[in-house]
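Visitor: this one's sequence-less:
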Ligand SMILES: [Fe+2]
């Protein structure tokens, strides 16, 4: 798989906790016993290990994982090719967004997860492999994830599916626990709200490894901003996604794929001393 950069840096992670918990840098600096200018420098992208280690426990972040992020010493292991999975990383403004196809290699029944900014590469691969895309699952309705929805549903003839809490166009409503079968694949909806109110993870079994199309609920080494509720986002991640088998590959909306096992060891949001 392509080695696309991690989505978030230390300043992104620390900023997400401050915004999510409505913490003031002044208070965090004083509780961590660091000078405010040092915390401000960290937030401006100047990594410094001592400051990161001091603020981590105050923010309920894992210090070692935060430092590894700052030192760029961790990157998820390459899972290699998975028969029945393809990843698409397309530019959207000044960022990149992911979309995925998963299919039963025997029956060629396929599902798309989000659209990317341009679904042409996914449509081309489906054509090349003779796939029959029967479902377009949407993790949430932020514009970067559904940017090419009209072309994807028109190009595949497949209906879209989205949380009942985030209706869009004529997409069919999804609730937690809904299950679909596509050949040997089983897809199950897990509600992972917090980044958005209807954020949904689609958990796929039937390939060499379980897959979880998480949207922006979780990134390799980070998580999406808790725009609706930081506490819900964190709790859903911990209680629902980290409970999936360790070998599960998360397919995030941004950044590289990673396993649930790796998230438990290397994601600063899940490795705080208080959690162990
Ligand atoms: Fe998003």
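Guide: Ah, there it is. For clarity, every value in this text was computed on a predicted model and none was experimentally measured.
Visitor: residue contacts, the residue nearest to residue 234 when sequence neighbours are not counted?
Guide: Computed as CB to CB, 6 or more residues apart in numbering, the closest residue to residue 234 that is not its neighbour in sequence is residue 269, at 6.5 Å. The C-beta positions use only the backbone N, C-alpha and C, and glycine is treated the same way. The contact partners of residue 269, taken as CB atoms under 8 Å, 6 or more residues apart in numbering, are 13, 61-62, 222-223, 234, 237.
Visitor: and with 10 Å instead?
Guide: 8, 13, 16-17, 20, 59-62, 65-66, 218-219, 221-223, 233-234, 237-238, 263, 275 (CB atoms under 10 Å, 6 or more residues apart in numbering).
Visitor: Could you identify the buried members of those residues?
Guide: Buried members of the contacts of residue 269, counted by 16 or more other CB atoms under 10 Å: 8, 13, 16-17, 20, 59, 61-62, 65-66, 218-219, 221-223, 233-234, 237, 263.
Visitor: Can you pull the residues of the stretch 101-250 of the chain lying near the ion?
Guide: Taking CB under 5 Å from the ion as the measure of proximity, the stretch 101-250 of the chain contacts the ion at 142, 216.
Visitor: mind listing the strands for the stretch 101-250 of the chain?
Guide: Here the stretch 101-250 of the chain has its strands, by DSSP state E, counting those that start in this stretch, at 109-113, 132-137, 160-163, 172-174, 179-182, 185-191, 200-205, 211-215, 249-252.
Visitor: can I get the ones you listed in a markdown table with mean pLDDT and distance to residue 154?
Guide: Conversion of the strands of the stretch 101-250 of the chain to a markdown table gives the following (pLDDT from 0 to 100; distance: least, CB to CB, whole Å):
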| stretch | mean pLDDT | distance to residue 154 |
| --- | --- | --- |
| strand 109-113 | 98 | 13 |
| strand 132-137 | 98 | 11 |
| strand 160-163 | 98 | 11 |
| strand 172-174 | 98 | 16 |
| strand 179-182 | 98 | 20 |
| strand 185-191 | 98 | 22 |
| strand 200-205 | 98 | 21 |
| strand 211-215 | 98 | 21 |
| strand 249-252 | 98 | 24 |
